[in-house]
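> build me a structure from this.
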Amino acid sequence: MIYGIILKNMTQNLFITSLKFVLIDLIGDILYWPIWWFTKGTLKMGIFCINQIRSQEQILGLSVWVKNLFTPMFGQYDIEGRIISFFARLLQIIFRSIVFLIWIILTIILFLAWIVFPIFIVYQVVINLLYLIS
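Numbers count the residues shown, from 1 in each chain. As a prediction, the model looks like this:
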């Protein structure tokens, strides 16, 4: 008799816990998702993009090349060594700046895609629903 009551209470608790999970947690997460996407998610994505740009600048070493533009390479302090060093570094700076600019553009496109993607999905759902209705 006591085991039946305990089993019945356990079954009811499991049902209530499952119902709570489905109604509150899952539906709440689905309703909270757009708010998160455009607030905390966008902030995290922005921080990620900024860190990617900083990381790429360190990988390319662009600031080091600019800082040492007028320093002769290989200890060549004569006029020919200085001229060759200047133009060699200038070409490196130009090439690395182009690569860095492309990286910045791609990162900005990624960030904008993050913002536009859910809007595009909602638009597509609405268009397809209107197509199905008509």
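> which regions of the chain sit below the pLDDT cut-off?
Within the chain, the segments meeting pLDDT under 70 span 1-12.
> find the residue at the geometric middle of it.
Met45 (3.9 Å; Cα atoms, centre = their mean).
> quick check: that residue vs Ile24, distance?
Noted for Met45: a distance of 27 Å to Ile24, by Cβ to Cβ, to the nearest Å. Heads up, the C-betas are built off the backbone N, CA and C, glycines and all.
> check Phe38 too.
For Phe38 relative to Ile24 (Cβ to Cβ), the value is 22 Å.
> also Asp78?
For Asp78 relative to Ile24 (Cβ to Cβ), the value is 78 Å.
> what packs against the lengthiest helix in the chain?
In the chain, taking DSSP state H as the definition, the longest helix is helix 79-133. In this structure, helix 79-133 makes packing contacts with helix 42-60, helix 62-67, judged by 3 or more Cβ pairs under 8 Å, 6 or more residues apart in numbering; DSSP states H and E.
> redo that, cut-off 10 Å
Applying 3 or more Cβ pairs under 10 Å, 6 or more residues apart in numbering; DSSP states H and E, one finds that helix 79-133 makes contact with helix 27-36, helix 42-60, helix 62-67.
> buried stuff in the second one?
Applying a neighbour-count criterion of 16 or more other Cβ atoms under 10 Å, the buried positions in helix 42-60 are Met45, Cys49, Gln52, Gln56, Glu57, Leu60.
> thinking again about what came up before, the more surrounded of Phe38 and Ile24?
Under the criterion of other Cβ atoms under 10 Å, the comparison of Phe38 against Ile24 puts Phe38 first, with 14 against 10.
> lovely, talk soon.
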